[in-house]
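Student: Would you be able to build a 3D model of this:
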Amino acid sequence: MNQMHAATQQRCVRVLIVDDNADVADSLSMLFRLYGHHVCTAYDGLSAIEEGRRFQPDVAIVDISMPGLSGYDVARTLREICGDKLLLVAVTALSRIQDKLRARQAGFDHHMAKPVDFEELRSLLPSRCKQ
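Tutor: Sure thing, here's the model as predicted:
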């Protein structure tokens, strides 16, 4: 499959970026938009849940350590709202084995340590593209 076709397949993915660090959230949002994805950004847990209801993402990339609602709480709620179709990715500085286990128990499909490798993160998306 050529690169142009692969990029076209990925354009339909709806990505919710959740991080209380605006620089991280905005940078990821900008990169995903450059690849043609539909992106919504939230800077705290409550906003993430509101945006999840409204935006109905295919993928949610969620920081774990946020004030107020943690990423674990956000993941559980987004999973209730969006169901199993949602790909949940934890992006966090918390990368011990027990952190990964806790993320899995909260409903995350993947756990990535910061600083995240954008190409690795982006490679998770095509499987969630709606045809």
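Student: can we go C-alpha only for contacts and neighbour counts from here?
Tutor: Will do.
Student: give me the low-pLDDT residue ranges for this structure?
Tutor: Along the chain, the model assigns pLDDT under 70 to residues 1-11, 126-131.
Student: rerun at 90
Tutor: Applying pLDDT under 90 to the chain flags the ranges 1-13, 34-36, 84, 93-96, 99, 114-115, 122-131.
Student: and the residue nearest to residue 95 when sequence neighbours are not counted, what are its bridge partners?
Tutor: For residue 95, ignoring the flanking residues on the chain, the nearest one in space by Cα to Cα, 6 or more residues apart in numbering is residue 113 at 5.9 Å. On the basis of DSSP bridges, residue 113 is bridged to residue 92.
Student: Can we start the residue count at 57 from this point?
Tutor: Sure thing, new numbering starts at 57, so read that last one as residue 169.
Student: who are the neighbours in contact with residue 169?
Tutor: 147, 148, 149, 150, 151 (Cα atoms under 8 Å, 6 or more residues apart in numbering).
Student: Tabulate the residues you listed in CSV, adding columns for distance to residue 165 and neighbour count.
Tutor: As requested, these are arranged in CSV below (distance: Cα to Cα, whole Å; neighbours: other Cα atoms under 10 Å):
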residue, distance to residue 165, neighbour count
147, 11, 24
148, 14, 21
149, 17, 15
150, 16, 18
151, 15, 15
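Student: Thanks again, I'm all set now.
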